[in-house]
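Visitor: structure for the following, please:
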Amino acid sequence: MTTCKALIIPADQSQPARVESITADLETLQFLVRGNIEAVSGDDWHFYLNEEGKILGLEPNVRAGALVLQLRGDVQDVYCGDVVFLGATPDGDEADVPERVRFLAALIIGTAQPTA
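Guide: Down below sits the predicted model:
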């Protein structure tokens, strides 16, 4: 199993965004987003969110939207619920969230220091 540093951004803005090491498997990702996962991809990053977030009435994730706007230059959807940002290896496996994404997150939304 792959262990990666992930950027986790809760939809609830009273909860801090954080970087932590996770086991990047389906079960862990589903636990973190509280349901089945959907992926949104960028150049060297992607994030997972609850695929039924809008249907279930989960809170919009304004901070994730702000970060995607800075990373891509546009936001193509309203992201609802908690999100988990990761990177990818050249062959498509999960990897640590890219340093530039962590840096932008710290500037835009503020994030806690990585945990072990």
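Visitor: give the bridge partners for residue 17, please.
Guide: residue 111 (DSSP bridges).
Visitor: now residue 40
Guide: For residue 40, the beta-bridge partners are residue 47 (DSSP bridges).
Visitor: quick one: contacts for it?
Guide: Neighbour list for residue 40: 46-49, 68, 77, 79 [criterion: C-beta atoms under 8 Å, 6 or more residues apart in numbering]. The way it works is simple: take the backbone N, C-alpha and C, and place the C-beta from them, glycine included.
Visitor: next: residue 10.
Guide: 16-17, 61, 82.
Visitor: let's see 7 Å
Guide: Shown in contact with residue 10 (C-beta atoms under 7 Å, 6 or more residues apart in numbering): 17, 82.
Visitor: low-confidence stretches in the chain?
Guide: The model of the chain has pLDDT under 70 over residues 1, 111-116.
Visitor: the strands in it, which residues?
Guide: 3-9, 18-23, 37-41, 45-50, 83-88, 94-95 (DSSP state E).
Visitor: tell me the angle the first one makes with strand 45-50.
Guide: Going back to what we said before, that points to strand 3-9. 60 degrees (axes from the mean of the first three to the mean of the last three C-alpha atoms, to 10 degrees).
Visitor: got the contact list for stretch 42-52?
Guide: 29, 33-40, 58, 64, 71-72, 79, 81, 83-88, 97-98, 101.
Visitor: most distant residue from the centre of the protein?
Guide: When distances are taken from the C-alpha mean of the chain, residue 91 lies farthest, 20.1 Å away, according to C-alpha atoms, centre = their mean.
Visitor: how near is residue 88 to residue 55?
Guide: 27 Å (C-beta to C-beta, to the nearest Å).
Visitor: residue 76 too?
Guide: 18 Å.
Visitor: ok, residue 90 next?
Guide: Separation of residue 90 from residue 55 (C-beta to C-beta): 35 Å.
Visitor: these two - which one has more neighbours?
Guide: residue 55 (9 against 6; other C-beta atoms under 10 Å).
Visitor: quick one, phi/psi of the more buried one?
Guide: phi -60, psi -40 (degrees, to the nearest 10).
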